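**Q** Here is the input, now give the coordinates:
(one chain, ligands or ions: 2)
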Amino acid sequence: MKALAIAPGQRAIGVLDLPFPERDGQVGVLVRMLEVGICGTDREIARFEYGTPPPGEPGLVIGHESLAEVIEAGPGAGLAEGDLVVTMVRRPCSDPGCRPCRAGRADFCRTGRYAERGISSRHGFMAEYVTDRPEFMIRVPAELRGVAVLTEPLTIAEKALEQVWALQRRLPWTDPAAPPQEPGRGLRAVVLGAGPVGLLGAMALLEAGFDTTVYSRSPAPNAKAAVTQAIGARYVSAEQHDLDALAAAAGPPDLVYEATGAAQAALAATRILAPNGAFVLTGVPRAQAPRLLDSSGLMRRVVLGNQVIVGTVNAGHDSYVAAVATLGRFYRRWPGELAALITGRHSLEAAAGVLTGEPSGIKDIVVLDGPVPR
Ligand SMILES: [Zn+2]
Ligand SMILES: [Zn+2]
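**A** Ligands and ions are numbered 1, 2, ... in the order given. So this is what the prediction gives:
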């Protein structure tokens, strides 16, 4: 079967012919990959800045945002041929003392010795066929066939909002008169960045009732601004408006959802966070030389304003299940806007060029859709 792999030792990237994967008999699941999303992490791996092959192997098959169709499942798997599935990325560490991993929450692993499919120590999904265990696969309704490759990036918003609601139970933050499905009614959210993670986050915040503003580099009109406005959020260009102008246009946000990975710009935006506000960081910046930060200003505001800054990474099984349900609601509410997030479709052969080229559009995906083996 064909797969796209990197070999960090040789600084090589290309399509390989690999043996057909073997399914674990009783519960193992064999899937035919349909679509694989490309994100900033994949681009870093393709530049050999990141990514670790499985132990003892020279190469790593990349790709962690997937949608696949079940070809064959063991009798105990609870999945059937033809089911659509999204497979989770992270696998637990083996340390008996790692409570999150032992409790099935590898997304909170504290040893750092977890594995991630397509990122570290486990092959990823940019391959024609993949096997895994059913507890790491989430079934997707057939109606979401065209958008379910967005499930993994949506799990980031799903988990982030779970963190926010858990943290903000510390005070009377929400309006008790707000409808239960719109707990954010009367609160303001700013999303930093209008990539797929930012725009899916904006949809989640709008759905939760927040007055939502997306703050992103490029001046409108552009594709990202068009989606932002079509879903009912405000778009403010960071090239045209500084943080004070943003705060004036949107009001001081009660929640900031960072989805840029640009450390300096993100932390600067803590300056406009409202008292009692929550600031969620989801981006992973590239390593840089230390820069100046108004540390006393930051500390004063966080303490005197009872603010919380929280980081969140990856997602657990519950977040994946919730993301599939959320994606279904988005699909009914914003079918065109959701589909508009996928701006590039590429073959496996073209993927290396996309990964190493200049990013454009919103979301690039690789379409595999190989034959059903007989
Ligand atoms: Zn990703
Ligand atoms: Zn662990």
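
**Q** Just list the residues touching the most centrally placed residue in the chain, thanks.
**A** When C-alpha atoms, centre = their mean is applied to the chain, the residue found nearest the centroid is residue 153 (2.5 Å). By C-beta atoms under 8 Å, 6 or more residues apart in numbering, the residues touching residue 153 are 37, 39, 65, 196, 197, 200, 363. Every C-beta, even on glycine, is put in place using the N, C-alpha and C of the backbone.

**Q** Show me the shaky parts of this protein.
**A** 373-374 (pLDDT under 70).

**Q** the helices in it, which residues?
**A** Secondary structure of the chain (DSSP state H): helices at 40-46, 99-102, 151-168, 196-207, 223-231, 243-250, 263-268, 295-304, 317-333, 335-340, 348-356.

**Q** Let's have those helices in a markdown table, adding distance to residue 53.
**A** Shown next, in a markdown table, are those (distance: least, C-beta to C-beta, whole Å):
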| stretch | distance to residue 53 |
| --- | --- |
| helix 40-46 | 11 |
| helix 99-102 | 22 |
| helix 151-168 | 21 |
| helix 196-207 | 26 |
| helix 223-231 | 34 |
| helix 243-250 | 42 |
| helix 263-268 | 28 |
| helix 295-304 | 39 |
| helix 317-333 | 25 |
| helix 335-340 | 34 |
| helix 348-356 | 16 |
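
**Q** nearest to residue 256, of these?
**A** helix 263-268 (8.4 Å; C-beta to C-beta).

**Q** residues of the closest one that come out buried?
**A** 263, 265, 266, 267, 268 (16 or more other C-beta atoms under 10 Å).

**Q** what distance separates it from the centre of its chain?
**A** In terms of C-alpha atoms, centre = their mean, to the nearest Å, the centre of helix 263-268 is found 20 Å from the chain centre.

**Q** Could you list the residues in contact with it?
**A** So helix 263-268 is contacted by 192, 238, 243, 258, 260, 281, 283, 285, 288, 291, 293, 298 (C-beta under 8 Å, 6+ apart).

**Q** C-alpha coordinates for it, CSV please?
**A** Extracted as CSV, the C-alpha positions of helix 263-268 are listed here (Å, rounded to 0.1, in the frame of the first residue of the first chain):
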residue,chain,number,x,y,z
ALA,A,263,3.5,33.6,21.2
GLN,A,264,4.2,37.3,21.4
ALA,A,265,0.9,38.4,19.8
ALA,A,266,-1.1,35.9,21.9
LEU,A,267,0.3,37.0,25.2
ALA,A,268,0.0,40.6,24.2
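
**Q** Is there a neighbour count for the nearest residue to residue 309 once chain neighbours are set aside? I'd like the number.
**A** In this structure, residue 309 finds its nearest non-sequential neighbour in residue 279, 4.6 Å apart by C-beta to C-beta, 6 or more residues apart in numbering. By other C-beta atoms under 10 Å, the residues close to residue 279 number 24.

**Q** Likewise for residue 68?
**A** Applying other C-beta under 10 Å, we find 27 residues neighbouring residue 68.

**Q** Just to check, it is in contact with residue 79?
**A** No - using C-beta atoms under 8 Å as the test, residue 68 is too far from residue 79 to be in contact (10.8 Å).
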